[in-house]
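Student: this is a predicted model, with the sequence first.
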Amino acid sequence: MADHFKTHNIYVNYPLDALHLRDLESDIDKLDLNLGDVVVIDCNGMSYICSSGLRVFLGFNKNIVAKGGKLIIRNLEPLVKGVFDM
């Protein structure tokens, strides 16, 4: 029997500040993740990320890897990418 992994997409087209943090958390909470699924977060338009937003990404990545899945983050603006590279 072949494994069927799903790809889930989340779009973050807003600055990830305290005002919008719950939007991302809500999108993540809505996912129906199974073992081995892939989540793609497209950050086109995310011009800013606060430290709490970074914690959401890091915690979500830890959870998805524990389930044998993968998190892909795409289209980071250069200044935001610098925060992730730290």
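Tutor: Thanks, I have the structure now.
Student: tally of neighbours for residue 67?
Tutor: 12 (other CB atoms under 10 Å). Any C-beta I mention is one placed from the backbone N, CA and C, and that applies to glycine too.
Student: that one: what's it in contact with?
Tutor: 33-37 (CB atoms under 8 Å, 6 or more residues apart in numbering).
Student: what do you get if the cut-off is 6 Å, keeping everything else the same?
Tutor: residue 35 (CB atoms under 6 Å, 6 or more residues apart in numbering).
Student: cool, and the one 3 residues further on?
Tutor: With contacts defined as CB under 6 Å, 6+ apart, the neighbours of residue 70 are residue 38.
Student: from residue 78, how far out is it?
Tutor: 24 Å (CB to CB, to the nearest Å).
Student: try residue 48
Tutor: Residue 48 is 12 Å from residue 78, by CB to CB.
Student: could you do residue 25 as well?
Tutor: In terms of CB to CB, residue 25 sits 25 Å off from residue 78.
Student: so the two - more neighbours on which side?
Tutor: More crowded of residue 25 and residue 78, by other CB under 10 Å: residue 25, with 15 against 6.
Student: which element is the closest residue to that one other than its chain neighbours on?
Tutor: Distance criterion CB to CB, 6 or more residues apart in numbering; nearest residue to residue 25, sequence neighbours excluded, is residue 56 at 6.2 Å. Per DSSP states H and E: residue 56 is located in helix 51-66.
Student: so which residue is smack in the middle of the protein?
Tutor: residue 41 (4.6 Å; CA atoms, centre = their mean).
Student: what's the burial count for the residue nearest to residue 25?
Tutor: For residue 56, using other CB under 10 Å, the count is 17.
Student: ok, it to residue 83 distance?
Tutor: 13 Å.
Student: just residue 10 next, same as before
Tutor: Taking CB to CB, one finds residue 10 at 18 Å from residue 83.
Student: neighbour count winner among those two?
Tutor: More crowded of residue 10 and residue 83, by other CB under 10 Å: residue 10, with 18 against 15.
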